[in-house]
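Q: here is a sequence together with a model predicted from it:
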Amino acid sequence: MNPIWLWAVLGIILVLAPACSTSETGRRLDWGLYQIYTGASRFEVALDETLSELDSAPQYLMFYRDLGRGFPRRGCEIIRERGATPILSLELWHWGSGANSLPDIRSGRFDAFFRKWARDAKAYEGPVFLRFGFEMNGDWFSWGNQPSEFIECWRRVHGLFQDEQANNVVWLWSPNAISIPREDWNAIEAYYPGDEFVDWVGLDGYNFGDNHSEWHSWESFEDVFGPALQTVRKEFAGKPVMIAEFGTAPGDPGDKARWIRETHAAMVRRPEIRAAIWFNLDKRREGEPDWSLDSEASALAAFNETFARPISR
C-alpha cells in the first residue's frame with residue numbers, strides 16, 4: 001500500500017476506534033477547539049497563538065465553511081501539521097445571504113459543488129469530519145425546522161460522497177441539545193438520517209448564564225445536555241458521541257473556571273462521550289457572551305487543568 005494511503009487509513013481507524021484510557025478519571029476524553037477561519041495565512045497565525053496558551057495539543061480543530069467555498073485543503077493541512085483532525089462545519093447557505101438552500105440541494109442544483117468537495121476531500125487523504133447542516137433543529141438557521149427536507153439533503157450529499165469514494169470523510173450529525181421550538185415534530189430524532197448515513201452523533205449546547213436574556217439562566221452541563229444525551233443513548237446506541245460545540249458565559253469572577261471543571265468531570269463520567277469541542281470565540285459583537293478561554297485567566301487555567309491536561313506517559 002502507498003505510504004500516504006496507509007497513513008490515511010490509520011487516521012480513519014483512530015477517529016473511529018474506542019477512546020484510550022488515561023488520566024486520573026480512568027478515561028481519556030479527546031478534546032478540540034473552534035478557531036475562526038479567515039483565510040489560511042491568518043488562520044495559521046491565530047491558531048498558533050491560541051495553541052501557545054494551552055498545556056497540550058488538541059485532537060480536533062474545527063472551523064466553518066459555506067456553500068460558496070470549496071474544500072479548504074490548506075486549512076486542513078495546517079490542522080494536520082499540528083497533530084489534530086479537522087472538523088468542517090458546513091453551513092447550508094451562502095454567507096451574507098441567509099437564504100434557505102435545502103430546496104436547491106434536494107433538486108440537485110448543488111450536486112456538482114458537492115462532488116467537487118468530495119473529490120478534493122478524497123485527494124486530501126487524511127481523515128476529516130464533515131459536520132453537515134449542524135443545529136438543524138433550531139430556528140436560527142435557514143435550514144432549520146425542516147426535518148424531512150434536511151434528511152433528504154443529507155442522504156443525497158452522503159450518496160455523492162460515496163459515489164466519489166471519499167471514504168476518509170467522517171459524517172458528524174450534530175443537532176442542538178435543545179430543540180427550538182420544543183415541539184414533538186421538532187424533536188432531535190426527527191432529523192436523524194439513519195445509522196448507515198451517520199458515523200458520529202454530535203450535540204451543541206451552551207450555558208448562556210443569567211445576564212443574556214430573560215429566557216436564560218445559569219445552567220450546568222447536565223442542565224444543558226442531560227435530556228439530549230438520554231435521547232442519544234435511547235435512539236442512537238453504539239454511535240460515538242461528540243459534544244461538538246460547548247461553552248459558558250463568564251458569570252461572576254471564578255464562575256467560568258468552576259463551570260469548566262464541573263463540566264469536564266460530568267463528561268468523563270459518561271462513557272458515550274468520546275470528544276468535546278470548545279467554542280473559542282468572543283461573540284459579544286453579535287450579542288452573545290464571550291466564549292473564549294482567555295477571557296479570564298482562571299478559566300484558561302481550569303481548561304489546562306482538565307481538558308488540556310498533559311497525559312502522563
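A: Yes, it's here.

Q: from Val201, how far out is the nearest residue to Phe134 once chain neighbours are set aside?
A: Leaving aside its chain neighbours, Phe134 sits nearest to Ser174 (4.2 Å; criterion: CB to CB, 6 or more residues apart in numbering). Glycine gets a C-beta too; all of them are placed from N, C-alpha and C. Distance from Ser174 to Val201, counting by CB to CB, to the nearest Å: 8 Å.

Q: likewise Phe279?
A: Counting by CB to CB - Phe279 and Val201 are separated by 18 Å.

Q: which of these two has more neighbours?
A: Comparing Phe279 with Val201 by other CB atoms under 10 Å, the one with more neighbours is Val201, at 25 against 19.

Q: give me the pLDDT value at that one.
A: pLDDT, Val201: 98.

Q: host element of it?
A: In this assignment (DSSP states H and E), Val201 forms part of strand 200-207.

Q: what comes up buried for that strand?
A: 200-207 (16 or more other CB atoms under 10 Å).

Q: got the contact list for Cys138?
A: Not Cys; residue 138 is Gly. Taking CB atoms under 8 Å, 6 or more residues apart in numbering, we find Gly138 in contact with 144-145, 176, 179-180.

Q: report the secondary structure state of the residue positioned nearest the centre of the chain.
A: Nearest to the mean C-alpha position of the chain, counting by CA atoms, centre = their mean, stands Ala244 at 3.1 Å. At Ala244 the chain is in strand, as set by DSSP: H, G, I helix; E, B strand; the rest coil.

Q: name the nearest residue to it, ignoring sequence neighbours.
A: Leaving aside its sequence neighbours, Ala244 sits nearest to Gly202 (CB to CB, 6+ apart; 3.4 Å).

Q: before we move on, what about Arg119?
A: Arg119 sits nearest to Glu164 (CB to CB, 6+ apart), 5.3 Å away.

Q: for Ile273, see how far away that neighbour is.
A: The gap separating Glu164 from Ile273 is 31 Å, by CB to CB.

Q: could you do Lys116 as well?
A: To Ile273, Lys116 is 34 Å away according to CB to CB.

Q: for the residue nearest to the centre of the chain, what are its contacts?
A: By CB under 8 Å, 6+ apart, the contact set of Ala244 is 62, 87, 89, 131, 134, 172, 174, 202-204, 277.

Q: pLDDT weak spots in this structure?
A: The chain contains residues with pLDDT under 70 at 1-27, 211-214, 312-313.

Q: break down it into its helices, ranges please.
A: Per DSSP state H, the chain carries helices over the ranges 3-16, 40-51, 73-81, 102-107, 111-124, 147-163, 221-235, 255-268, 297-305.

Q: and of the ones you listed, who's closest to Ile188?
A: Checking the helices of the chain against Ile188 by CB to CB gives helix 221-235 as the closest, at 5.5 Å.

Q: and that closest one with helix 255-268, angle?
A: Angle of helix 221-235 versus helix 255-268, following axes from the mean of the first three to the mean of the last three CA atoms, to 10 degrees, is 20 degrees.
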